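S.K.: Output the structure for:
(one chain, ligands or ions: 2)
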Amino acid sequence: MSEPAAPAELHAREHAAFLEEVHSFEFWFQSVEGYLQDHAYGEDPDCDAPEVSGDEREPLVATLATYCVGETAALEGASGMIGFAPNRQAKIFLATQVVDEARHLEVFLHRMRELGVEDPEAAIGEQGNRSLFAFKKKLLEFVEAKDWEASVFAQNVILESMEFAAFSGHMKQADTRTATILGGVLKDERRHMGFGENDLGRHLAQAPHARARLGEIKKELDSLVLGTFEESLHAMGMPRSERPEVGRLYLEMVSRLGL
Ligand SMILES: [Fe+2]
Ligand SMILES: [Fe+2]
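M.R.: Ligands and ions are numbered 1, 2, ... in the order given. Take a look at the predicted model:
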């Protein structure tokens with residue numbers, strides 16, 4: 001008869017089974033079914049598109065263009081990371097993330113068309129936030145270098161936290177259709193953040209020296225994130241009093257890794 005497993009080994013096995021489950025397409029299907037089934041382009045089929053006044057349209061289009069920059073960064077980042085992810089579960093999870101990010105890009109492009117933008121691609125190039133373009137370039141450099149630790153951190157912690165904070169803030173003041181779309185996207189972003197926190201949490205427990213390096217990367221990227229917020233929230237017309245709240249939510253989310 002074999003020896004019963006030691007508690008630590010049992011815990012490791014249970015944890016591996018847990019990761020296998022939450023990183024699977026099965027888990028993904030169950031998660032998205034409730035809010036994507038019958039919701040073409042993430043919209044509520046029972047609600048008509050509300051009128052968006054002339055004053056509100058331009059800032060909303062610029063905001064959506066900026067969201068498209070972030071979603072394209074995550075789409076290209078996550079797909080590139082599959083090639084050098086450290087294990088199969090991570091590759092499968094990233095495949096689900098690629099699908100999510102492509103969907104996010106698609107729904108934001110669709111919303112821009114609904115608002116009368118004939119060439120959303122051109123609008124992204126013209127109106128997308130410059131600091132976020134710089135962030136995207138930096139993220140894709142990490143991916144190009146097959147630098148797993150930096151890529152997961154920049155994408156699944158920093159970018160996801162930035163989006164989470166921005167979408168949550170925007171949802172409170174957005175028209176009902178945009179708010180519904182953002183609500184569905186946020187549910188996906190929460191999963192992506194969970195992956196980053198879990199992966200890096202385990203990595204930092206085994207390689208505490210990585211903490212200093214990630215802290216340096218954070219310093220560099222924070223300025224791009226806060227720069228994006230400053231310009232975008234102003235352009236979006238968010239009251240000055242509410243803007244620090246978005247930055248604070250971002251910093252709070254990133255600090256959960258203790259960096
Ligand atoms: Fe996304
Ligand atoms: Fe995401």
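S.K.: ok and the residue in the chain nearest ligand 1?
M.R.: Of all residues in the chain, H104 sits closest to ligand 1, with a separation of 3.9 Å (C-beta to the ion). Every C-beta, even on glycine, is put in place using the N, C-alpha and C of the backbone.
S.K.: these two touch, right, that residue and K187?
M.R.: No - the pair H104 / K187 is not scored as a contact, 11.1 Å apart, by C-beta atoms under 8 Å.
S.K.: Burial check on A90, number of neighbours?
M.R.: Summarising burial for A90: neighbours were counted as other C-beta atoms under 10 Å, giving 19.
S.K.: same deal with E149?
M.R.: Residues contacting E149 under the criterion other C-beta under 10 Å number 17.
S.K.: ok now do it, which residues does it touch?
M.R.: Taking C-beta atoms under 8 Å, 6 or more residues apart in numbering as the definition of contact, the neighbours of E149 are 200, 203, 210, 213-214.
S.K.: With L182 instead?
M.R.: Here L182 is in contact with 167, 170-171, 174 (C-beta under 8 Å, 6+ apart).
S.K.: before we move on, back to that, what is the rounded mean pLDDT of the helix or strand containing the residue of the chain closest to ligand 1?
M.R.: With elements delineated by DSSP states H and E, H104 resides in helix 88-114, which encompasses its position. Within the predicted structure, the mean pLDDT of helix 88-114 is 97.
S.K.: With stretch 150-168 instead?
M.R.: The predicted confidence, averaged over stretch 150-168, sits at 96.
S.K.: Would you mind measuring the gap between the ends of that stretch?
M.R.: Start-to-end span of stretch 150-168 (C-alpha to C-alpha, to the nearest Å) is 25 Å.
S.K.: does any bit of that stretch sit next to ligand 1?
M.R.: No - when contact is scored as C-beta under 5 Å from the ion, no part of stretch 150-168 falls within range of ligand 1; the minimum is 6.0 Å.
S.K.: Relative to the whole chain's centre, how far out is that stretch?
M.R.: Mean C-alpha position of stretch 150-168 versus that of the full chain (C-alpha atoms, centre = their mean, to the nearest Å) differs by 5 Å.
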